[in-house]
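In: Predicted model and sequence below, questions to follow.
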Amino acid sequence: MTLHPAPDRVVLELIEQRHESAQGIVMSNRSSGESPKGRVVEIGYGARTRLEGLQQGDTVFFVAGQGDVVADCGDSKVIIHTDDVLAWASNQ
C-alpha cells in the first residue's frame, strides 16, 4: 500500500533512537527529551513548495507529540503537517 499524503503533509518512517542510562535502563528518544526524527517516504504537493528542497530519503526533525501514526504493511509511519517540521538533513 502506498500512502499519498494530503497537500500540506509529509509521510515519515520513524527513526527510533535508544539510549541506555548509567543504571542500564533503555530509553527511547521520546523519554530522553530529543526531537523525534524520521526518514521522508512521501511528500504532499503543497509541502514540496513550502519545504523547498525536501526530498524522499531526507531525515526530518519534527515537533514532539505531533503527527498521526499509521500502520502500513507492518511498518509504522507518521504523517505530519508542514508546520511541525523543525529542520531536515539532506542525504546528498
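Out: All right, it came through fine. Keep in mind that what you see is a predicted model, and the values were worked out from it rather than measured. Numbering: from 1, shown residues only.
In: on contacts alone, who are the packing partners of the helix ranked longest in the chain?
Out: Using DSSP state H to define each element, the chain has its longest helix at helix 45-50. On a contact count with 3 or more CB pairs under 8 Å, 6 or more residues apart in numbering; DSSP states H and E, helix 45-50 meets no helix or strand. Yep, even glycine has a C-beta here, placed from its N, CA and C like the rest.
In: Now find how far off-centre that helix is within its chain.
Out: Averaging C-alpha positions (CA atoms, centre = their mean, to the nearest Å) puts helix 45-50 16 Å from its chain's average.
In: Sheet-wise, list the partners of the helix or strand just after it with their directions.
Out: For helix 45-50, the following helix or strand on the C-terminal side (DSSP states H and E) is strand 59-62. Strand pairing for strand 59-62, using DSSP bridges, gives strand 37-43 (antiparallel), strand 85-89 (antiparallel).
In: So what are the sheet partners of whichever helix or strand comes after strand 59-62 and their directions?
Out: Downstream of strand 59-62, the next assigned helix or strand under DSSP H and E is strand 68-72. Next to strand 68-72 in the sheet, as set by DSSP bridges, lie strand 75-81 (antiparallel).
In: Now the strand it pairs with: average pLDDT?
Out: Mean per-residue pLDDT for strand 75-81: 90.
In: what does that strand rub up against?
Out: Residues outside strand 75-81 that contact it (CB atoms under 8 Å, 6 or more residues apart in numbering): 3, 5, 8-14, 38, 41, 60, 62-63, 66-71.
In: Return it as PDB; C-alpha atoms alone will do.
Out: Output in PDB follows, covering the C-alpha atoms of strand 75-81 (Å, rounded to 0.1, in the frame of the first residue of the first chain):
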ATOM      1  CA  ASP A  75       5.700  -0.600   9.300                       C
ATOM      2  CA  SER A  76       4.800   2.400  11.500                       C
ATOM      3  CA  LYS A  77       4.700   5.600   9.600                       C
ATOM      4  CA  VAL A  78       3.900   9.100  10.900                       C
ATOM      5  CA  ILE A  79       2.000  11.800   8.900                       C
ATOM      6  CA  ILE A  80       3.000  15.300   9.900                       C
ATOM      7  CA  HIS A  81       1.900  18.800   8.900                       C
END
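In: Thank you kindly, that will do.
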